[in-house]
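Asker: based on what follows, work out the 3D shape:
(chains A and B)
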There are 2 protein chains.
Amino acid sequence: MIVIGELINASGKKVREAIINRDGEFIASLAKRQSDAGADYIDVNVATGSGETSGEVEDMKWALDVVAGTVDKPVSVDTTDYEVLKAGLEMCGEGTFINSVNAEKGRLDAFLELAREYNSPTVALPIRESIPEEVEGRLEVVDEIVKSADKSGVSRENLYFDPLALPVSVDHKSALVTLETLKRLKEYEGVKSTIGLSNVSYGLPARETLNKTFMLFLMQQGMDSVIMNPLQKGMMAAIKAGNVLLGNDPMCGAYLKAYRNGILS
Amino acid sequence: MIVIGELINASGKKVREAIINRDGEFIASLAKRQSDAGADYIDVNVATGSGETSGEVEDMKWALDVVAGTVDKPVSVDTTDYEVLKAGLEMCGEGTFINSVNAEKGRLDAFLELAREYNSPTVALPIRESIPEEVEGRLEVVDEIVKSADKSGVSRENLYFDPLALPVSVDHKSALVTLETLKRLKEYEGVKSTIGLSNVSYGLPARETLNKTFMLFLMQQGMDSVIMNPLQKGMMAAIKAGNVLLGNDPMCGAYLKAYRNGILS
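Answerer: Below is the predicted model:
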């Protein structure tokens, strides 16, 4: 399970302020703590929407520079802006994660072209203008993105489809729709999967318990990656335990190491 | 998910001593705490093997009397001795869980006859003289037990097959074998499933993390019941969260109630 650490995100007040004030120490500390906790990629989202900075391109370059100076992990460039993505990929080079593409008109082909050029694993959201509520609707958009990617020469192994988590507090079947979408993704040979988990628990208490449980259900169905907060020990512990039980940690080496590092208890 | 609370078991030193010393308060407290934590059945195992008591039949009657005087929950009579089982069922009546039958010669038919007479949900272990290591071997024994049950007039809905958890520390595929056995049980229309979880984590640290993760994997594959320690809050929280995500708690009522009762956090 590839863990993408989600904490450097300008939608949070402290991160937004750190970007505006060029507080490199704060961003660096988030990068380091996530890396130490076991994140494989560090997601970087600098969309402050504030107008108080010199723009998202400059903000992204600054933040990526801080992260690269702090940890030895690849990053995930998290933006809806083509120029920001391009600048980020130019800085970080091949293998950088792209977060994300969707099927909105005008953007898909341009983003895929960058994904091909930088051989980037890419989060793909089965969304056009809105989020399809049912499995079939999501699969239609998956189909469209896969066809475009095939045409653009993007390798399917680099497409990480997000089966989309919606709040179970709003619709009690929404988690089942996500699980079924994940299962149906296997109709597309080679494509992979990831998920932004936390939506599922929106509006309910004890969200980590729900997020963790949902992640394990997805993991059992073959989820390849997860975008999450790696500082929540219970989440990392669940991944380690899941790997033992699913036969992915044959000598329990990773599990025992996590125990020694205090992650499991 | 039907929760069978496992704590009144003479394999534990304190419980064994409480049985030998007729310490009703200790047994009553275990019954009450498990019931309060949400156990649906209270398992009672009094096999002290000590020779210091007036025998397992008398010990079982005494313990069942204590439990019945303390909580308003049905029990699970946990014994390998026919006379003990018979005495327990006579005291507790219809609907009492039987823990357990297996395919050892001589015992199966007699136990099934009691299961029929008392309309008892019954834990069924796919074991003959030893535990089959592979799925096919377990299914062969399941087949034998189902046929005997059909002949005895035991309703299939009362058969709770345990797909058998063995330590992943010994064989890294053992959890996968359990999961596959559970899946294959669906070949027998009507039969149900339960599991004694804790074997899976034998020999490893942070056992509750492994047990909980394994239970969620089993739950997603349709496990009907679990024999466990309901005082481990994380286990009960996982069940509540699992029910929300699998669509079994449509208005999140049970989840929110558990939160208010302090079980989720």
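Asker: use CA for all of it now, contacts and neighbours both
Answerer: OK.
Asker: quick one, longest strand in chain A?
Answerer: Determined from DSSP state E, the single longest strand within chain A is strand A:2-9.
Asker: per-residue confidence averaged over that strand?
Answerer: Strand A:2-9 shows a mean pLDDT of 97.
Asker: tell me which helix or strand comes right after it.
Answerer: Using DSSP states H and E, the helix or strand that follows strand A:2-9 in sequence is helix A:13-20.
Asker: list the helices and strands the helix or strand that that next one is followed by packs on?
Answerer: Counting by DSSP H and E, the next helix or strand C-terminal to helix A:13-20 is helix A:24-37. The helices and strands touching helix A:24-37, judged by 3 or more Cα pairs under 8 Å, 6 or more residues apart in numbering or on different chains; DSSP states H and E, are strand A:2-9, helix A:13-20, strand A:41-45, helix A:56-68.
Asker: what residues of the first one count as buried?
Answerer: Taking 16 or more other Cα atoms under 10 Å in any protein chain shown as the basis for neighbour counts, the residues of strand A:2-9 that come out buried are A:V3, A:I4, A:G5, A:E6, A:L7, A:I8, A:N9.
Asker: try stretch A:239-252
Answerer: A:239-250, A:252.
Asker: and the residue positioned nearest the centre of chain A, what does it touch?
Answerer: In chain A, the C-alpha nearest the mean C-alpha coordinate belongs to A:I227, at 3.6 Å (Cα atoms, centre = their mean). When contacts are counted by Cα atoms under 8 Å, 6 or more residues apart in numbering or on different chains, A:I227 touches A:V3, A:I4, A:G5, A:E6, A:T194, A:I195, A:G196, A:L197.
Asker: kindly reformat these as TSV containing distance to A:S29.
Answerer: Formatted as TSV, those follow (distance: Cα to Cα, whole Å):
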residue	distance to A:S29
A:V3	18
A:I4	16
A:G5	13
A:E6	13
A:T194	25
A:I195	24
A:G196	22
A:L197	23
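Asker: in a strand, A:S100, correct?
Answerer: Yes - the assignment for A:S100 by DSSP: H, G, I helix; E, B strand; the rest coil puts it in a strand.
Asker: coming back round to it: what sits up against the longest strand of chain A?
Answerer: Taking Cα under 8 Å, 6+ apart as the rule, strand A:2-9 contacts A:15-16, A:27, A:30-31, A:34, A:38-47, A:76, A:224-230.
Asker: also stretch A:187-196?
Answerer: Contacts of stretch A:187-196 (Cα under 8 Å, 6+ apart): A:123, A:156-165, A:182, A:185, A:223-228.
Asker: switch the cut-off to 10 Å
Answerer: If you take Cα atoms under 10 Å, 6 or more residues apart in numbering or on different chains as the criterion, stretch A:187-196 is touched by A:1-4, A:6, A:121-125, A:139, A:142-143, A:146, A:155-166, A:178, A:182, A:185-186, A:211, A:215, A:218, A:222-228.
Asker: what do you get for stretch A:52-63?
Answerer: Against stretch A:52-63 from outside (Cα under 10 Å, 6+ apart): A:8, A:18-24, A:27-28, A:44-50, A:64-67, A:69, A:77-79, A:81-92.
Asker: just the buried residues out of these, in PyMOL syntax.
Answerer: Restricted to buried positions by 16+ other Cα under 10 Å, the PyMOL selection for the contacts of stretch A:52-63 reads:
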select buried, chain A and resi 8+18+19+20+22+24+27+28+44+45+46+47+48+64+65+66+67+77+78+79+84+85+86+87+88+89+92
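Asker: so A:N248 is in contact with A:K240, correct?
Answerer: Yes - using Cα atoms under 10 Å, A:N248 is in contact with A:K240, at 9.4 Å.
Asker: which neighbours do these two share?
Answerer: Both A:N248 and A:K240 are in contact with A:M1, A:A254, where contact means Cα under 10 Å, 6+ apart.
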